[in-house]
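# Provided below are the primary sequence and the corresponding predicted coordinates.
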Amino acid sequence: MLSFFRKNLLRPYLYFKGISNPTLNRLFLSHKKNPRRTFIIGVGTLLALFFFYTVFMSPPEDFPVGDMATIEKGGTLSQITQEFKKAHIIRSSYLFKVFVVLFRGDRGVFAGDYFLEKPISVFTLALRVTSDDQRFTPITIIVPEGFTIFDIANLFEERFSKFDRERFLSLAPEGYLFPDTYLFLSTVRAEEVIAVMRENFYKKTESLGSLIASSTSPLEDIVSMASILEKEARTIETRRIIAGILWKRLSIDMPLQVDVSFEYINGKNSYELTTDDLAIDSPYNSYKYKGLPPTPISNPGLSALTAALTPIKTPYLYFLSDRRGVMHYARNFEEHKENRALYLD
């Protein structure tokens with residue numbers, strides 16, 4: 001064990017200190033007669049190094065794993081060090097400054113956000129901020145079809161620690177954030193999410209370009225109709241039939257009377273609605289106000305958008321879904337009431 005210590009620990013350490021091989025040999029020879037002393041010195045050195053690392057260099061016990069260490073442009077090294085210390089990212093302010101100067105001299109650190117994926121020592125942190133090693137791993141996030149901007153805001157707030165939910169809601173255009181699988185860095189901002197998802201909307205709807213161009217309805221109305229269809233039915237055929245019914249209601253100046261609009265108002269579905277709910281004074285109340293809602297009520301996918309653009313003409317004017325999800329149609333209100341009695345009441 002003693003020979004292993006000399007060869008693997010003590011000799012490299014002294015060599016690093018600038019002590020030549022002849023000097024090393026003399027040191028080892030001087031200790032041949034007292035190996036116990038050499039062993040004690042070695043163990044003491046290891047204990048001292050361990051103590052030094054634990055107290056000064058190791059990450060704090062409450063190291064903020066999963067957060068970001070942010071370095072603002074123009075900040076001084078003292079200010080940055082103070083912020084890191086306050087955030088429990090480092091134990092020793094002095095060592096952090098020493099390592100930064102050692103690694104990069106007067107040039108200091110790179111501004112930016114550094115992802116703290118695991119606890120790291122002050123040495124490693126200084127090395128990263130002086131080499132601009134921000135180390136971000138893209139996060140995969142799935143936005144389902146039919147999610148509203150409120151659903152999307154909640155989803156991103158759960159996954160991204162610095163995501164500004166309120167700013168997102170103030171800027172997001174309902175209906176135009178395409179549901180899809182995305183990759184975002186953990187530092188993503190609300191504006192970036194909106195820009196990427198909106199760009200994806202126009203990219204994915206390029207395949208519907210000829211249908212949109214030949215439609216008599218503006219894109220805003222098509223998206224609003226699709227947002228309703230997304231909530232009302234699941235299959236493309238059913239959505240196309242319902243689209244034909246709803247476009248017909250609009251053409252004869254009849255209220256749309258779709259229950260799904262209340263999910264946008266108070267979160268209730270068809271089976272939870274009361275007569276009081278139907279009287280709510282909201283522009284999204286499709287029983288009280290004619291026409292399409294003032295904005296889409298969800299972010300539709302390609303299937304719902306396609307259905308809105310390719311409605312199927314039928315003699316029906318009413319529809320309802322039973323508790324198993326099966327759709328039933330009626331030509332007039334009397335038939336509709338019979339369907340309600342048969343399949344819902």
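Done, it's in.
# quick one, helices of the stretch 201-345 of the chain?
209-214, 219-232, 236-251, 261-265, 275-278, 302-309, 333-343 (DSSP state H, counting those that start in this stretch).
# now the third one against helix 302-309, angle please.
Direction vectors for helix 236-251 and helix 302-309, defined by axes from the mean of the first three to the mean of the last three Cα atoms, to 10 degrees, enclose an angle of 40 degrees.
# how close does V101 sit to Q79?
Counting by Cβ to Cβ, to the nearest Å, the gap from V101 to Q79 is 15 Å. Heads up, the C-betas are built off the backbone N, CA and C, glycines and all.
# these two: which is more packed in?
Legend: neighbour count by other Cβ atoms under 10 Å for V101 and Q79, higher for V101 (15 against 12).
# state the helix or strand in which that one lies.
Assigned by DSSP states H and E, V101 belongs to helix 93-104.
# what packs against that helix?
helix 77-86, helix 122-129 (3 or more Cβ pairs under 8 Å, 6 or more residues apart in numbering; DSSP states H and E).
# what residues of it count as buried?
The neighbour-count check on helix 93-104 (16 or more other Cβ atoms under 10 Å) flags 93, 95-97, 99-100, 103-104 as buried.
# among the helices of the stretch 201-345 of the chain, which comes closest to Q134?
With Cβ to Cβ as the measure, helix 302-309 is the member of the helices of the stretch 201-345 of the chain nearest Q134 (35.4 Å).
# who does that closest one touch, helix- and strand-wise?
By 3+ Cβ pairs under 8 Å, 6+ apart, helix 302-309 packs against helix 209-214, helix 219-232, helix 236-251.
# that one vs helix 219-232, what angle?
Using the same axes, to 10 degrees: helix 302-309 against helix 219-232 is 120 degrees.
# ok, and what's touching helix 302-309?
145-146, 204-205, 207-208, 211-212, 215, 222-223, 225-227, 229-230, 236, 239-240, 242-243, 300 (Cβ atoms under 8 Å, 6 or more residues apart in numbering).
# just the buried residues of those residues.
145-146, 205, 208, 212, 222-223, 225-227, 229-230, 239-240, 242-243, 300.
# in the stretch 151-300 of the chain, which ranges drop under the pLDDT threshold?
Residue ranges of the stretch 151-300 of the chain with pLDDT under 70: none are present.
# switch to 90 and redo it
Within the stretch 151-300 of the chain, the segments meeting pLDDT under 90 span 159-162, 185-189, 263, 266-279.
# got it, and the stretch 1-150 of the chain?
Ranges of the stretch 1-150 of the chain meeting pLDDT under 90: 1-75, 85, 88, 90-100, 102-118, 120-139.
# what about stretch 76-91, distance to the chain center?
The chain centre lies 27 Å from the centre of stretch 76-91; the measure is Cα atoms, centre = their mean, to the nearest Å.
# in it, which residues are buried?
77, 80-81, 83-84, 87, 89-91.
# who's in contact with it?
So stretch 76-91 is contacted by 55-60, 62-64, 67, 69-71, 75, 93, 96-97, 100, 108-109, 116, 122, 125, 129 (Cβ under 8 Å, 6+ apart).
# now which of the residues you listed would you call buried?
For the contacts of stretch 76-91, a burial check counting by 16+ other Cβ under 10 Å picks out 57-59, 63, 67, 69-71, 75, 93, 96-97, 100, 108-109, 116, 122, 125, 129.
# mind giving me the domain split of the chain?
Domain assignment for the chain, taken from automatic domain parsing, gives 2-57, 68-129, 139-205, 215-343.
# give me the distance between the two termini of the longest one.
When you say that, I think you mean domain 215-343. 35 Å (Cα to Cα, to the nearest Å).
# any idea which of the buried residues of stretch 76-91 is closest to D281?
Using Cβ to Cβ, the buried residues of stretch 76-91 come closest to D281 at A87, 48.3 Å.
# measure how buried the closest residue in space to V260 that isn't next to it in sequence is and give me the count.
Nearest non-adjacent residue to V260, counting by Cβ to Cβ, 6 or more residues apart in numbering: K231, 3.8 Å away. Neighbour count for K231, taken as other Cβ under 10 Å: 20.
# K231 against F147, yeah?
No - at 10.7 Å, K231 and F147 do not qualify as touching, with contact defined as Cβ atoms under 8 Å.
# which neighbours do these two share?
Common neighbours of K231 and F147 (Cβ under 8 Å, 6+ apart) are S298.
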